[in-house]
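1. sequence unavailable; structure follows:
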């Protein structure tokens, strides 16, 4: 491979790794890609993990009508009829089997717009996930050349990562403890699996924990929240609900992680239950009514909690519980 070609690939790779917002990074990648293969217009789109639809990420020159078509169902049907979504191959107009003008997008959209050649590639990650689409078009029938097409093909996995909308959430997870299970939550509370990140039965669609996490994001907005969730009578999970940045998954509200937790302070299940109610300002009578025990028994538990936490008052215990994430959502105790 020629030195110039290698330099071009290196420039695209550098642009792909820039610490920019996804849309800005995609624009930079298209600019670098122009040095690999001359084009008049190009666009990168991503597959939205919430509904499977393609949406525009970056555009260099295509008009809005053509962009809508390239991300719409008719063009998707043509792509899939050629198995491009399975192969991930970069396909030029001249590569289309038979008469290229038999493809309606070419005959009715691209040629009338003045394009003589072009390239389309479904973007697939190294693990085989389809994350988006690259389209580029030229008025010069000599581009993309076979060599240029091969260079773009070599960049396929890199481009797939650039458009992958779960990358921001996965980067967030890389900062969290190893071995954590995780999902993303949409603004509507739907569970979004993160590619390459293991799921957990407690994080399944429709489970109680994602519903509670969603209620927290609706109530508390952009605040990072930590709490406990029972694994069994003696063991606990540490749950983190971390707001997604606006430049992450389209429509993503939060990433929810779950990991095994060993409590430094040995609080029993009942003591944690009482402590959780203290943080909500409940009186001994209210706590007793909820737990079906007497206010006097509640008072005994409160004293035990204060002693184990090493704090003098109920208010101090509540503050410690919030700071250290020692709260167990009340609905978790019914599981």
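-> Arrived safely, thanks for sending. All values derive from a computational prediction rather than experimental measurement.

2. which residues of the stretch 151-300 of the chain score low on pLDDT?
-> Applying pLDDT under 70 to the stretch 151-300 of the chain flags residues 166-178, 195-196, 220-223, 233, 245-251.

3. one more pass at 90, please.
-> 151, 154-158, 161-200, 203-206, 212-227, 230-238, 240-269, 278-281, 291 (pLDDT under 90).

4. can you give me the helices for it?
-> 156-163, 167-174, 208-220, 269-279, 284-291, 295-309 (DSSP state H, counting those that start in this stretch).

5. residues making contact with the longest one?
-> Applying Cβ atoms under 8 Å, 6 or more residues apart in numbering, the contact partners of helix 295-309 are 265-267, 270-271, 274-275, 278, 283-285, 287-288, 291, 312-314, 316-317, 320-321. Bear in mind the C-beta positions are built from the backbone N, C-alpha and C, glycine included.

6. tell me the angle the very next helix or strand once past that helix makes with helix 295-309.
-> For helix 295-309, the succeeding helix or strand toward the C-terminus, using DSSP states H and E, is helix 314-324. If you take axes from the mean of the first three to the mean of the last three Cα atoms, to 10 degrees, helix 314-324 sits at 50 degrees to helix 295-309.

7. show me what helix 314-324 is packed up against.
-> helix 269-279, helix 295-309 (3 or more Cβ pairs under 8 Å, 6 or more residues apart in numbering; DSSP states H and E).

8. give the buried residues for the longest one.
-> Of the residues in helix 295-309, 298, 301, 302, 304, 305, 306, 309 count as buried by neighbour count, 16 or more other Cβ atoms under 10 Å.

9. distance from the chain centre to that helix, please.
-> The chain centre lies 42 Å from the centre of helix 295-309; the measure is Cα atoms, centre = their mean, to the nearest Å.

10. what of the shortest one?
-> Per Cα atoms, centre = their mean, the displacement of helix 269-279 from the mean C-alpha position of its chain is 34 Å.

11. against which helices or strands is that helix packed?
-> Looks like helix 269-279 contacts helix 284-291, helix 295-309, helix 314-324 (3+ Cβ pairs under 8 Å, 6+ apart).

12. again, only this time at 6 Å
-> helix 295-309, helix 314-324 (3 or more Cβ pairs under 6 Å, 6 or more residues apart in numbering; DSSP states H and E).

13. outside of it, which residues touch it?
-> Residues from elsewhere that reach helix 269-279 (Cβ atoms under 6 Å, 6 or more residues apart in numbering): 287, 301, 305, 314, 317, 318, 321, 327, 328, 333.

14. format the buried residues of helix 295-309 as a markdown table; extra columns: distance to residue 22.
-> Shown next, in a markdown table, are the buried residues of helix 295-309 (distance: Cβ to Cβ, whole Å):
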| residue | distance to residue 22 |
| --- | --- |
| 298 | 51 |
| 301 | 49 |
| 302 | 49 |
| 304 | 50 |
| 305 | 46 |
| 306 | 48 |
| 309 | 43 |
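
15. quick one on the thing from earlier: from the contacts of helix 269-279, which is closest to residue 65?
-> residue 327 (52.7 Å; Cβ to Cβ).

16. wait, a strand at that closest one?
-> No. Secondary structure of residue 327 (DSSP: H, G, I helix; E, B strand; the rest coil): coil, not part of a strand.

17. hmm, it is touching residue 225, no?
-> No. Residue 327 is beyond contact range of residue 225, at 9.0 Å (criterion: Cβ atoms under 6 Å).

18. look at those two and report which has more neighbours.
-> Between residue 327 and residue 225, counted using other Cβ atoms under 10 Å, residue 327 has the larger neighbour count: 22 against 19.

19. ok, the more buried one to residue 11 distance?
-> Here the criterion is Cβ to Cβ, to the nearest Å. By it, residue 327 lies 50 Å from residue 11.

20. now for residue 294: which residues touch it?
-> Residue 294 neighbours (Cβ under 6 Å, 6+ apart): residue 288.

21. now residue 134, what's its secondary structure?
-> Residue 134 - assigned by three-state DSSP - is strand.

22. and it, how many neighbours does it have?
-> 24.

23. skipping its backbone neighbours, what lies nearest it in space?
-> residue 121 (4.7 Å; Cβ to Cβ, 6 or more residues apart in numbering).
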